[in-house]
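Novice: here is a sequence with its predicted model. Questions after.
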Amino acid sequence: MVKSYDIINLEKEKVIIVEKLFLAKIENSDDRDVVYYLDFDGIRKDGYFSSINLNGSCFSGFKQELLDVVENDFDSLETIYTKDEIKQLFALDDELDKVKSCINIDKDKIHDRGVKITNEINCLLDKLRSGDNEELFQNIVEEEKVWCMNEYNLSKEQIDDIFDNYKGNYQDRSIICTIYEDKEDMFDNLRWNGCIEVSDYLVDYVDKERYISDVLEEDNTFYELSDGRIVYYSY
């Protein structure tokens, strides 16, 4: 779906959620971070204003990098927005940042300006909340699945399982950090990266498969495929 939600604070029965929306994808690229999402919660609970947060499963920020693509290579983007709409969206965000920096100077006047800008941003975001953008995003997801199938030699069933079992709010190639060949390969790589502390002397005495089975049972960062390979997710 285009809209998903991050739980960013849970205190008793109080839950704050942030709407996450598909913004754009860079076409014909084999880079990892080609799909951009954003979230914006407008006027916060404390009366102050949030900024637009541009993000993906492996990054947060990079607004200027995206704006450079918009300015110089807009045709490479799959998005429901026009070039001018994206530029307007982030120009409003820049203006809102200036309001936030002045909020203590003339609070009533500055706050009213912030509310006006927030409303203008939300009017632009309504286009991302539309059924047309949801349809575009579902097409993007299918494109991303095909890319992953080719990149990692996965079946349609396997890639559907990988995307369905991902616990985050993203649905693109970047959710796959790597794929281990089996449990022993995963154990050896995690140990090499310092995630598992076992001395050279003891490593031959460790039941690697049992150890990794316990990790898979407890940690949503990993997912075992039907052929024994193990997906390491990006969060």
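Specialist: Sure, I can see it. Numbers count the residues shown, from 1 in each chain.
Novice: so who does residue 113 touch?
Specialist: By C-beta atoms under 8 Å, 6 or more residues apart in numbering, the contact set of residue 113 is residue 99. Where C-beta positions appear, they are placed from N, C-alpha and C, glycine not excepted.
Novice: assumed it was part of a helix.
Specialist: Yes. Counting by DSSP: H, G, I helix; E, B strand; the rest coil, residue 113 is part of a helix.
Novice: any idea how far residue 100 is from it?
Specialist: Residue 113 sits 11 Å away from residue 100, going by C-beta to C-beta, to the nearest Å.
Novice: quick one, strands of the chain?
Specialist: Here the chain has its strands, by DSSP state E, at 4-11, 14-26, 35-39, 53-56, 59-60, 77-78, 176-180, 222-224, 230-233.
Novice: list the contacts of the most centrally placed residue in the chain.
Specialist: With distances taken as C-alpha atoms, centre = their mean, residue 56 lies nearest the centre of the chain, 2.8 Å away. Going by C-beta under 8 Å, 6+ apart, residue 56 touches 33, 35, 36, 37, 170, 172, 174.
Novice: beta-bridge partners for it, please?
Specialist: residue 59 (DSSP bridges).
Novice: and the contacts of residue 56, which is closest to residue 218?
Specialist: residue 170 (22.4 Å; C-beta to C-beta).
Novice: so how many other residues sit close to the closest one?
Specialist: 23 (other C-beta atoms under 10 Å).
Novice: how much space is there between it and residue 81?
Specialist: Taking C-beta to C-beta, one finds residue 170 at 19 Å from residue 81.
Novice: do the same with residue 32
Specialist: From residue 32 to residue 81 the distance is 23 Å (C-beta to C-beta).
Novice: more neighbours, the two?
Specialist: Shown here are residue 32 and residue 81; by other C-beta under 10 Å, residue 81 has more neighbours (19 against 16).
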